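Novice: All I have is the shape, not the residue letters:
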């Protein structure tokens, strides 16, 4: 069974190089015996496996002999097709040169801009914000003397803490009472308003972490 000789073979090659070459690529190799008559006097035989680098000390890489092999010898071998007694392979290609100046490195500077909306936050969630002290204990004994009778047995205190409280811009912290007079009983019945009051004063103290003007260092602060 005869083997069919493929005249052209496309080969994709991945390569890397320190500098890109813009030039024609042509390589060939043959195995067999052929008599070459290059331009000029004399001739020589090619036998065995040879390539386009060197044949028996005669360089075929020079423009004259290289062109003679590419334009005369190789086409003659290819024209014989399946009747050729020479095994032959050729590799050819080309690449374009750089369009502009190639650089091994480059740098650019970009400026990033953006806006941030001023925002304040105080997390409360769905907690019940009504603080019910229940029954506030008083000195109900009859042996404490007039100075202490009916006074509160101890201060009633409540502490409110949230880990999210503040603003992302310079701000003023202000604490106000819903009723400036303190806790109040909306009912005026059951007592003589000329003798008694329905208001129970209280005080508020606030502690927070903040920074002094024109400073990013956080520090503790407080006021009443």
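Specialist: Cool, the structure landed. Predicted model only: the values in this text are computed from it and were never measured.
Novice: Name the residue closest to the centre of the protein, please.
Specialist: For the chain, residue 112 is the residue whose C-alpha lies nearest the centre (C-alpha atoms, centre = their mean; 14.9 Å).
Novice: in which helix or strand would I find it?
Specialist: Applying DSSP states H and E as the criterion places residue 112 outside every helix and strand.
Novice: ok, now which ones touch the closest residue to residue 201 other than its chain neighbours?
Specialist: By the measure of C-beta to C-beta, 6 or more residues apart in numbering, the closest residue to residue 201 outside its immediate chain neighbours is residue 182, 3.8 Å from it. C-beta: built from backbone N, CA, C; applies to glycine. Contacts were defined as C-beta atoms under 8 Å, 6 or more residues apart in numbering; by that measure residue 182 touches 199, 200, 201, 202.
Novice: Show the pLDDT at residue 182.
Specialist: For residue 182, the model assigns a pLDDT of 86.
Novice: mind showing which ranges of this structure have poor pLDDT?
Specialist: With pLDDT under 70 as the threshold, the chain has low-confidence stretches at 1-23, 36-66, 213, 223.
Novice: at 90 instead, please
Specialist: Within the chain, the set of residues satisfying pLDDT under 90 comprises 1-98, 102, 161-201, 203-224.
Novice: which of the residues in the longest strand anywhere in it are buried?
Specialist: The strand that spans the most residues within the chain, counting by DSSP state E, is strand 24-36. Residues of strand 24-36 classed as buried under the neighbour-count rule (16 or more other C-beta atoms under 10 Å) are 26, 28, 30, 34, 36.
Novice: Tabulate the residues you listed (JSON lines), appending distance to residue 94.
Specialist: Putting the buried residues of strand 24-36 into JSON lines (distance: C-beta to C-beta, whole Å) gives the following:
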{"residue": "26", "distance to residue 94": "9"}
{"residue": "28", "distance to residue 94": "15"}
{"residue": "30", "distance to residue 94": "22"}
{"residue": "34", "distance to residue 94": "27"}
{"residue": "36", "distance to residue 94": "26"}
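Novice: so which of those comes closest to residue 131?
Specialist: Distance to residue 131 across the buried residues of strand 24-36 (C-beta to C-beta) is lowest for residue 26, with 93.5 Å.
Novice: Can you tell me, leaving aside adjacent residues, what's nearest to the closest one?
Specialist: Nearest residue to residue 26 in three dimensions, chain neighbours excluded: residue 92, at 4.9 Å (C-beta to C-beta, 6+ apart).
Novice: so who does the one you found touch?
Specialist: Residue 92 makes contact with 24, 25, 26, 27 under the criterion C-beta under 8 Å, 6+ apart.
Novice: Now do the first one against residue 93, distance only.
Specialist: Here the criterion is C-beta to C-beta, to the nearest Å. By it, residue 24 lies 8 Å from residue 93.
Novice: secondary structure element for the residue nearest to residue 26?
Specialist: Following DSSP H and E, the helix or strand that holds residue 92 is strand 87-94.
Novice: Show the subsequent helix or strand relative to that strand.
Specialist: Moving on from strand 87-94 towards the C-terminus, the next helix or strand you reach (DSSP H and E) is strand 120-122.
Novice: That'll do, ta.
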